[in-house]
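K.L.:
What follows is a predicted structure for the sequence shown.
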Amino acid sequence: GSTMYNGIGLRTARGSGTNGYVQANRAYVKPINVRNAVEAKSSRSESKWKATSMQKGGNAELLEHARKRAVEVKVLELRDELEERGEAAEAIDARCDELRRELLAKDDPTPRHSRDTHAAAEAKRRKDERVRAAFGLDDSYVEGEAFDEEVQAKRKLERVAKRNEKRQRLEASRQKEDPP
């Protein structure tokens, strides 16, 4: 006989007018997805394609602080190692200062696999810059603008005005070359 699957279905198909076969309802959309879609749609019309947090990039101060902290950790590790060897305090200070200068002078990119959201955002921003350069997109590009009818109408008017201006300049230069 027919049984329930995870609490869904009929205990018995008798009297239901069906064969009791249980199948997924592919048309059902979960409420959280509906809620997110409605919020995204309303925020899109209000804010006109504002950048997401990942597009904004990481907080530069936090990234620099984390970088300096990592440098100091390496310097302290070196200091511990040199103190264990029993070297002189002046030599230890000199070596630590040298290492610190060397590490701070490096242009240290953010680590590839980091749990830090600011580092991840900065890495994403760099990747987006490389992609933008590869596709030849300028800085004025805004994601989703192609679907905004008002912006497209405005751009079309600008293109038409530019084309007319170019045509007038060309006709003016022809008239100067060939006076009647």
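P.N.:
Looks like it arrived, so ask away. Fair warning: this is a prediction, and the values are worked out from it, not measured in the lab.
K.L.:
how much space between the closest residue to Ala66 other than its chain neighbours and Lys127?
P.N.:
Using C-beta to C-beta, 6 or more residues apart in numbering and skipping the chain neighbours, the partner closest in space to Ala66 is Asp116 (6.5 Å). Using the backbone N, CA and C atoms, a C-beta is placed for each residue, glycine as well. Noted for Asp116: a distance of 16 Å to Lys127, by C-beta to C-beta, to the nearest Å.
K.L.:
Settle it for me: which of these two has more neighbours?
P.N.:
Comparing Asp116 with Lys127 by other C-beta atoms under 10 Å, the one with more neighbours is Asp116, at 15 against 10.
K.L.:
Is it correct that the more buried one is in contact with Arg69?
P.N.:
No - in this structure Asp116 lies outside contact range of Arg69 using C-beta atoms under 8 Å: 11.2 Å.
K.L.:
Would you map the helices across the chain?
P.N.:
31-47, 53-56, 60-85, 89-105, 117-135, 149-177 (DSSP state H).
K.L.:
Report the separation between Thr117 and Leu10.
P.N.:
For Thr117, the distance to Leu10 - C-beta to C-beta - is 48 Å.
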